[in-house]
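K.L.:
Could you work out the structure for the sequence below:
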Amino acid sequence: MDSVEVNIHKHPMTMTLVKSGQTGYCCGIKFGGTTAGYYCNICNIFIHNICNKAPRDIKHPSHHECHRRTLSLVGTYCFERRRCALCGGKFTDDFEVLNYECGASCFTTLHLHCSTHPPPEVIDVPLHHDHILKLEKVESCFTCAYCGKEGDEYPYKCHECDLAFHVNCTKYPAEVNHSSHSLHPLKLVKGEPPAYTDGTCRLCAKKIVDYEVYYHCSTCNFTLDLHCVLNPPSLYHHDLNTHDHKLTLMPKSISFTCTTCGLPGDRSPYVCLPCDFTSHNDCSGFPWVININRHDHRVSRTSLLGVVNAVCGVCQKKMDWSCGGYSCKRCTTSVFHAKCATREDVWDGIEMKDKPEEDEDTEPFKIIDENTIQHFLHEEHNLRLDKSGIFVEERESCKACAYPIYHHSFYKCIACKFILHESCANLPKRKRHMVMNKPFILQTINNKCANCRACGMLYNGFDYCSGGSGIDVRCASISEPFFHQSHHPDHPLFYTTPAGVCSACNKEADHVLRCVEDDCGYVLDFKCALLPYEVKHRVDDHFLSLCYGEKDSKSGKYWCDICEKETDPKAWFYTCKDCGVTLHTNCVLGDFRGLDAGKRLNIHVKDCETVRNNSMSRPSCHICKSRCIFPIILKLLNKNMPDIYYCSNKCSEAGVWKRLFNLR
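P.N.:
The predicted structure is shown next:
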């Protein structure tokens, strides 16, 4: 679908279907159900269709008349002590939304939603309370007499009883007749759901969070949350893109496999009994052709996968061949659950059905002859392949990943010191990666450095960039399935969400690779998964091997020969099989393992140079005062000061504060 100009955003946007739970950049209110909205590919934001119809300027009775001005629609973050003039609610400090604002000294501000749906000044709600309630436009903290929760906005107050109510708690009737439960009326309930219920909504399966108000029928054990009461699904659904016949809602607890997406369900499906067709009540509106970050080609929606023993390429769970989903026309075995493929962290939100597919040039180099290439990031000279496997201690590190060459095949520039691992030279110009739903483009950072989105380490070689985020080439090279020598060879690892605790370092990470075999629970973060199996260090004449810990170690204490501190034999460490030394992995590699030596960089607001720690006398760290032990360290560039070194990322950050406060 073509991009169109919208009223309240600076970039052209695409009309699309937005799934429930996505927050609108416009008013800050989440989309309910699968509804139409606008998507900006540049900003990666959604806005409601109805919010786009809001005028740029309004006149509102809440505005101070002496200014004789209109309120203008502006995007803004949280204002200090700023509240909506209508509901008294604070402006969010973690999400930028649109509000109406007066530019004069009064700074009157209104929520976009409140400007069109203002709370009434006086309400009469006998089902909730016997007296009239008035909206008090004063800042106050109160306890709602209905739901029992604390409030920090303008309340409705009963002055006769000295009670206060949330604005939202006065909106809902005490009893409703609902289309999905016609046998009995549903009663409004507050507090903890009864013990005999599962604590979830019968239609959408969402938890009744924090004991919010909800509707319940105790006779039938039927519970609906407020969203499903106010926005009920249709009793009948007829969409030729989903099924040829009209579907009927079956609002009951029943186990089934969704014919539309292939995932299991346990409640309230749409059914077509003659066709034995069942579908989740929110399985509609899926795009036809999309790009996802788990596959290099476009994938298309199909109503019949037809692939026996198929496994979803996102969740790694088995798929029913007789159900629908997404498949690749080029790779016949690549199939995906519809809901997995359209997840916010997997799909970029763009429908590609009407857009022609073009084969992009992803080749990183031109072939000159059998052993010579011209790489697009080093076009001034040709590179020649060396497969000798001869290790040279003084050889330059790879300019892409900053790691040493060792025995690997590599490309060497015929005219300068530019050098690349053969594997790094073959990395494509563009690729999709599991940690982000946008494509990455290969580039050089030059005299800068960045923190890798996947592993968190600093790097300054080649960079796979997508918008303002980047990953280093080592993390970008990880693909699924991923095999690691520390784990069973028949148990590959896959990128899964949510985050997890790494089995190697016992630290929690946002991006992890996980074994999906039942009851295995093996997890590796990207940092540990990419630790070199072999590495060379000045502490030993031999190559060091990565050891994955001795789970039943009875051999006593080990000591690191670099930092001279105790090592945990159950944790990963480097060892020399000939000499028996044991070394902490971080002592061997250091915090700056991804930085190429000899580069001038701006790190933590400081001009520094990365230097090899290979002199006879190790320099002293300016912060921790210890002798620098890591192979790459930072040297502060300042002509007016003696040589200042930082041994680690922690010390480098601390150096910023010392300079800011002029500490010695």
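
K.L.:
What part of this protein, helix or strand, is modelled with the least confidence?
P.N.:
When the helices and strands of the chain are compared on mean pLDDT, DSSP states H and E, strand 71-76 comes out lowest with a mean of 65.

K.L.:
And stretch 175-188, end to end?
P.N.:
Chord length of stretch 175-188, first to last residue, is 6 Å (CA to CA, to the nearest Å).

K.L.:
What lies in contact with it?
P.N.:
Applying CB atoms under 8 Å, 6 or more residues apart in numbering, the external contacts of stretch 175-188 come out as 127, 172-174, 202-203, 213-220, 222, 224, 228-229, 232-233, 235, 249, 251, 268. (C-beta placed from N, C-alpha, C; glycine too.)

K.L.:
quick revisit: quick check: what element follows the least confident helix or strand of the chain along the chain?
P.N.:
On the C-terminal side of strand 71-76, the nearest following helix or strand under DSSP states H and E is strand 97-101.

K.L.:
Which strands or helices does that following strand pack on?
P.N.:
strand 71-76, strand 109-111, helix 112-116 (3 or more CB pairs under 8 Å, 6 or more residues apart in numbering; DSSP states H and E).

K.L.:
centre of the chain versus it, how much separation?
P.N.:
Centroid separation between strand 97-101 and its chain, computed with CA atoms, centre = their mean, to the nearest Å, is 27 Å.

K.L.:
swap in stretch 45-63?
P.N.:
Counting by CA atoms, centre = their mean, stretch 45-63 is centred 29 Å from the centre of its parent chain.

K.L.:
per-residue pLDDT, the residue lying closest to C161 once chain neighbours are set aside?
P.N.:
Of all residues not flanking C161 in the chain, H131 sits nearest, at 6.6 Å (CB to CB, 6 or more residues apart in numbering). We have a pLDDT of 81 for H131.

K.L.:
Now do the contacts for H131.
P.N.:
Going by CB under 8 Å, 6+ apart, the list of residues near H131 reads C158, E160, C161.

K.L.:
Which ones among those map onto helices?
P.N.:
When the contacts of H131 are checked against helices (DSSP state H), there are no matches.

K.L.:
mind listing the helices for the protein?
P.N.:
112-116, 226-230, 338-341, 422-425, 473-476, 526-529, 585-589, 649-660.

K.L.:
export those helices to TSV and tack on mean neighbour count and distance to S626?
P.N.:
Below are the helices of the chain laid out as TSV (neighbours: other CB atoms under 10 Å; distance: least, CB to CB, whole Å):
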stretch	mean neighbour count	distance to S626
helix 112-116	21	56
helix 226-230	18	57
helix 338-341	23	49
helix 422-425	19	34
helix 473-476	25	28
helix 526-529	24	23
helix 585-589	22	12
helix 649-660	16	9
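
K.L.:
if we can go back for a sec, for Y172, see how far away the residue nearest to C161 is.
P.N.:
Separation of H131 from Y172 (CB to CB, to the nearest Å) stands at 18 Å.

K.L.:
longest strand anywhere in the protein?
P.N.:
Longest strand of the chain, by residue count under DSSP state E: strand 181-189.

K.L.:
Return the distance of the residue of the chain most remote from its centre relative to A145.
P.N.:
In the chain, E160 marks the outermost C-alpha relative to the chain mean, sitting 50.1 Å out by CA atoms, centre = their mean. Counting by CB to CB, the gap from E160 to A145 is 13 Å.

K.L.:
now swap in Q316 and tell me
P.N.:
50 Å.

K.L.:
now swap in K207 and tell me
P.N.:
K207 is 25 Å from A145, where distance means CB to CB.

K.L.:
Look up the closest residue to K606, ignoring the ones flanking it.
P.N.:
K606's closest residue in space is L636 (CB to CB, 6+ apart), at 6.0 Å.

K.L.:
quick one, domains of the chain?
P.N.:
According to automatic domain parsing, the chain comprises the domains 14-53, 57-116, 122-170, 175-230, 236-279, 493-529, 534-589, 600-660.

K.L.:
now those as CSV including distance to C331?
P.N.:
CSV is the format used below for these (distance: least, CB to CB, whole Å):
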stretch, distance to C331
domain 14-53, 25
domain 57-116, 38
domain 122-170, 49
domain 175-230, 33
domain 236-279, 18
domain 493-529, 17
domain 534-589, 34
domain 600-660, 41
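
K.L.:
Just give the number of residues close to the nearest residue to L188 once chain neighbours are set aside.
P.N.:
Using CB to CB, 6+ apart and skipping the chain neighbours, the partner closest in space to L188 is A174 (4.9 Å). The local packing of A174 (other CB atoms under 10 Å) involves 13 other residues.

K.L.:
go on, the one 3 residues further on?
P.N.:
By the measure other CB under 10 Å, the count of residues near N177 is 10.

K.L.:
tell me the pLDDT at L601?
P.N.:
Note on L601: pLDDT of 83.

K.L.:
do you know how far it is from C413?
P.N.:
Per CB to CB, L601 is found 22 Å from C413.
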